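Visitor: coordinates for the following, if possible.
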Amino acid sequence: MGQENFDMQELGDLPGVKDVHFIDKTYVLVSRMWRNKDTVIDFGDGLKISRTNLTIVAGPCSIESEDQVVETVGVFKENGIKFMRGGVFKPRSSPYSFRGLSLEGLKFFWKHCRANGIKVVTEVMDCSQIDKMYDYVDVFQVGAGNMQNFDLLDALGKVNKPVLLKRGLSATLEELLSSAEYIFSGGNEDIILCERGIRSFDKTFRNTLDLNAIPYLKEKSYLPVFCDPSHDVGVRQFIEVKALAAIMASADGIMLEIHSTPEKAFSNNFQTRSFREFIDSFDRIRKTYIFRKTIF
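Guide: Below is the predicted model:
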């Protein structure tokens, strides 16, 4: 254990020392105390996730069939969407619910997205899945239930693929940043933070969106910050207004659950929007982002 009481001025007077800062956080490497330049995740071909553009990630909660993937990819191509979400390993609250198509589903998910220039964002639940999934994933997603699965975070720190880290259901913002620190300290610096709503005393909706989290995280860290309003409110007719609010709160990306026939979706059908609803929302999302850029 190092000495806690010392004169910082003495350190500052040493040759070659420009400045000295005292850091008392559980997260250091993902803090602006460590770096001030914002993260840019470059996928090639001009496709980047950063704080200078708005990223839309959309798709079904679960990958259900190859036909579903083909249909969704067609909608994405028509509307210029470059990131598709979809779960193949699903952490469900009930063991009797649909839990995904596993690796075989991921393979045809990847095949059709790859052929059309669309990036795959999907959830990894366990360290043992990483190597099997690696060749078929562009962004590994860590779900809210795994935000403090430190073995998984350590393993993803050694992976050369971006990681989208969702805030836990009852996690503080410091805990979210500390979880990102686990990944960063392992060597993987391509991390995206995602606010997706937290549990509160109010049971009106599935979760409560913490809009405060978005500007706070952007001030404390240099990592991109996304918002997932689908998992926040859990009711499809309120999702768009939450997405627009998140954009005005400075979100760098929006995640949305969509399906050709939401009422027939295998999971999360109440919070899933139809293709038509998504396209209409997408237009307003873009306009809101353009408006934000003109006033901030």
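Visitor: was I right about residue 181 contacting residue 30?
Guide: Yes. Residue 181 is within contact range of residue 30, at 5.4 Å (criterion: Cβ atoms under 8 Å). (Glycine included, C-beta is placed from N, CA and C.)
Visitor: which one of these two has more residues nearby?
Guide: Of the pair residue 181 and residue 30, residue 30 is the one with more neighbours under other Cβ atoms under 10 Å, namely 28 against 21.
Visitor: isn't the more buried one right next to residue 221, touching?
Guide: Yes. Between residue 30 and residue 221 there is a contact at 5.0 Å, judged by Cβ under 8 Å.
Visitor: what residues are shared contacts of the two?
Guide: 177, 180 (Cβ atoms under 8 Å, 6 or more residues apart in numbering).
Visitor: now the helices for the stretch 51-200 of the chain?
Guide: 66-79, 102-115, 127-133, 150-156, 173-185 (DSSP state H, counting those that start in this stretch).
Visitor: would you format those as TSV with mean pLDDT and distance to residue 280 included?
Guide: Output for the helices of the stretch 51-200 of the chain, formatted as TSV (pLDDT from 0 to 100; distance: least, Cβ to Cβ, whole Å):
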stretch	mean pLDDT	distance to residue 280
helix 66-79	96	11
helix 102-115	96	23
helix 127-133	97	33
helix 150-156	98	35
helix 173-185	97	32
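Visitor: among these, which is nearest residue 285?
Guide: Residue 285 lies closest to helix 66-79 among these, at 11.2 Å (Cβ to Cβ).
Visitor: counting contacts, what elements does that closest one pack onto?
Guide: Under the contact criterion of 3 or more Cβ pairs under 8 Å, 6 or more residues apart in numbering; DSSP states H and E, helix 66-79 touches strand 83-85, helix 102-115, helix 275-295.
Visitor: okay, and the beta partners of residue 62?
Guide: Note on residue 62: beta-bridge partners by DSSP bridges are residue 87.
Visitor: number of nearby residues for it?
Guide: Residues near residue 62, counting by other Cβ under 10 Å: 24.
Visitor: having no further points to raise, I will conclude here.
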